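K.L.:
Next input, structure requested:
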Amino acid sequence: MVRVKRSAVPHERLVTFMAHRNPGRTYMNVIGREFSLKPQQRKDLQRMLRDENQETTLALRSIVVTYGSEGKGGGAKSFVVKAA
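P.N.:
Predicted structure coming up:
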């Protein structure tokens, strides 16, 4: 039996999730809970969102959603922001 590696968050689900969110910040811990992400999956998602040429990042940008973070290290807060 061959196992197919699935993405932590299907790109379409994340874009749809953010399209239906109200404007403002959505912290990564909220997204992690919504999609039942393990810590490494959340880190992979954040790495993907930092890549400005990645397909999902471009799709989010088309609905005026950007990735950001505040602070450094363990106290850093990462989020996506949907413009009004």
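
K.L.:
mind checking the SS state of residue 67?
P.N.:
When classified by DSSP: H, G, I helix; E, B strand; the rest coil, residue 67 comes out as strand.

K.L.:
Run the chain-centre distance for the longest helix along the chain.
P.N.:
For the chain, the helix with the greatest residue count under DSSP state H is helix 39-50. Centroid separation between helix 39-50 and its chain, computed with C-alpha atoms, centre = their mean, to the nearest Å, is 7 Å.

K.L.:
what's the helix or strand that comes right after it packed up against?
P.N.:
Once the chain leaves helix 39-50, the next helix or strand it forms, by DSSP states H and E, is helix 55-62. Judged by 3 or more C-beta pairs under 8 Å, 6 or more residues apart in numbering; DSSP states H and E, helix 55-62 is in contact with helix 11-19, helix 39-50, strand 65-70. Where C-beta positions appear, they are placed from N, C-alpha and C, glycine not excepted.

K.L.:
Would you mark the buried spots in the shortest one?
P.N.:
I take that to be strand 65-70. Buried residues in strand 65-70, counted by 16 or more other C-beta atoms under 10 Å: 65, 67.

K.L.:
Partner strands of it, with direction?
P.N.:
The strands beside strand 65-70 in its sheet (DSSP bridges) come out as strand 77-82 (antiparallel).

K.L.:
Go ahead and name everything in contact with the strand it pairs with.
P.N.:
18, 21-28, 31, 46, 49, 60, 63-71 (C-beta atoms under 8 Å, 6 or more residues apart in numbering).

K.L.:
Quick one: mean pLDDT for that strand?
P.N.:
The pLDDT scores in strand 77-82 average 95.

K.L.:
Stretch 24-35 too?
P.N.:
For stretch 24-35, the mean per-residue pLDDT is 94.

K.L.:
who touches that stretch?
P.N.:
8-9, 13-14, 17-18, 37, 41-42, 45-46, 77-82.

K.L.:
measure it end to end?
P.N.:
In stretch 24-35, first residue to last residue: 19 Å (C-alpha to C-alpha, to the nearest Å).
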